[in-house]
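Peer 1: quick one, what's the 3D model for this:
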Amino acid sequence: MSRFTPLDASTFIPFDTFISPASPQPSSPVLEPLDPELIQPDDNCAVLITKLPADIKYPEVFSALAEFRLGAIFSARILPPARQFRTAAAEVIFFEPAGAQTLIRVAAATGRGENRRPGFGAFLVRGENVHVRPSRRVVGPYIGPLPASRVLVVEGPEGMMNVQRLRALLEFKLGRLDTVSTRQDGDASQGVVVVTWEFAGYKQAETARRVVRGAFRKQRKVRARFGTDYA
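Peer 2: Coordinates of the predicted model:
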């Protein structure tokens, strides 16, 4: 049985529970089981991409997704080959179900290139067709606070902020970083550096934002905010 889960900023909350309209509304909500028949497949924000190269990395996954402008992505998780399988997989969760449904349609459309195989469509990774289907873990639309993004933008004085310093801080505090890309821009005349850090998921971006704000809390000129996800 699939589980329907709305996206929350702090955790995944099972959506097979809900507040009964007939129940009183105490400070701690009364939760009752949700009828599985009420779960709508089109509300699923999660897809599973299979037949990926065994050594696939996040930048390649997001680069392939960005070609179709599917909308903001909540998270992506690469699943390495297991047991007898020689290919990897990736679970991608969008903020809204439209991105997931569009990707499924794209992958089922007429394939491209000489590598097209029956049952596969137009979504290519390294020139090879891959397979996309709804994830068995049914995930509903994001219901947490806004703004929310997997893209973190940090702005600060040139002598205080750069990609290398930010990476050292985040790796020290967070350990492994699931990074898609980093970019350093700025205004030389103003002595300002802007670092755009694209993570594989919103949760790590949110944690990184808190870390930066805490580390530079006494520096008013250092600001950390969410950026636009163009995936």
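Peer 1: what pLDDT is listed against the nearest residue to Ala122 once chain neighbours are set aside?
Peer 2: Spatial nearest neighbour of Ala122, excluding adjacent residues (C-beta to C-beta, 6 or more residues apart in numbering): Ala109 at 4.6 Å. Any C-beta I mention is one placed from the backbone N, CA and C, and that applies to glycine too. Looking at Ala109, its pLDDT stands at 74.
Peer 1: what of Arg176?
Peer 2: Note on Arg176: pLDDT of 93.
Peer 1: sec struct for it, please.
Peer 2: When classified by DSSP: H, G, I helix; E, B strand; the rest coil, Arg176 comes out as coil.
Peer 1: what comes up buried for stretch 207-222?
Peer 2: Thr207, Ala208, Arg209, Val211, Val212, Ala215, Phe216, Val222 (16 or more other C-beta atoms under 10 Å).
Peer 1: distance between that stretch and the chain's centre?
Peer 2: From the chain centre to the centre of stretch 207-222 is a distance of 23 Å (C-alpha atoms, centre = their mean, to the nearest Å).
Peer 1: now do stretch 79-97
Peer 2: Once both centres are worked out by C-alpha atoms, centre = their mean, stretch 79-97 turns out to sit 13 Å from its chain's centre.
Peer 1: low-confidence ranges, the protein, go.
Peer 2: 1-39, 110-121, 188, 231 (pLDDT under 70).
Peer 1: in this protein, which spans are helices?
Peer 2: 58-66, 97-108, 163-174, 202-215 (DSSP state H).
Peer 1: in a markdown table: those helices, plus distance to Leu146.
Peer 2: Formatted as a markdown table, the helices of the chain follow (distance: least, C-beta to C-beta, whole Å):
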| stretch | distance to Leu146 |
| --- | --- |
| helix 58-66 | 22 |
| helix 97-108 | 17 |
| helix 163-174 | 23 |
| helix 202-215 | 11 |
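Peer 1: nearest residue to the middle of the chain?
Peer 2: Ser75 (2.0 Å; C-alpha atoms, centre = their mean).
Peer 1: out of everything not next to it in sequence, what's closest to it?
Peer 2: Per C-beta to C-beta, 6+ apart, closest to Ser75 is Gly201, 3.2 Å.
Peer 1: next, the contact list for the one you found, please.
Peer 2: Residues in contact with Gly201 (C-beta atoms under 8 Å, 6 or more residues apart in numbering) are Ile73, Phe74, Ser75, Ala76, Arg77, Arg150, Asp178.
Peer 1: are any of those buried, and which?
Peer 2: Going by neighbour count (16+ other C-beta under 10 Å), the contacts of Gly201 have Ile73, Phe74, Ser75, Ala76, Arg150, Asp178 buried.
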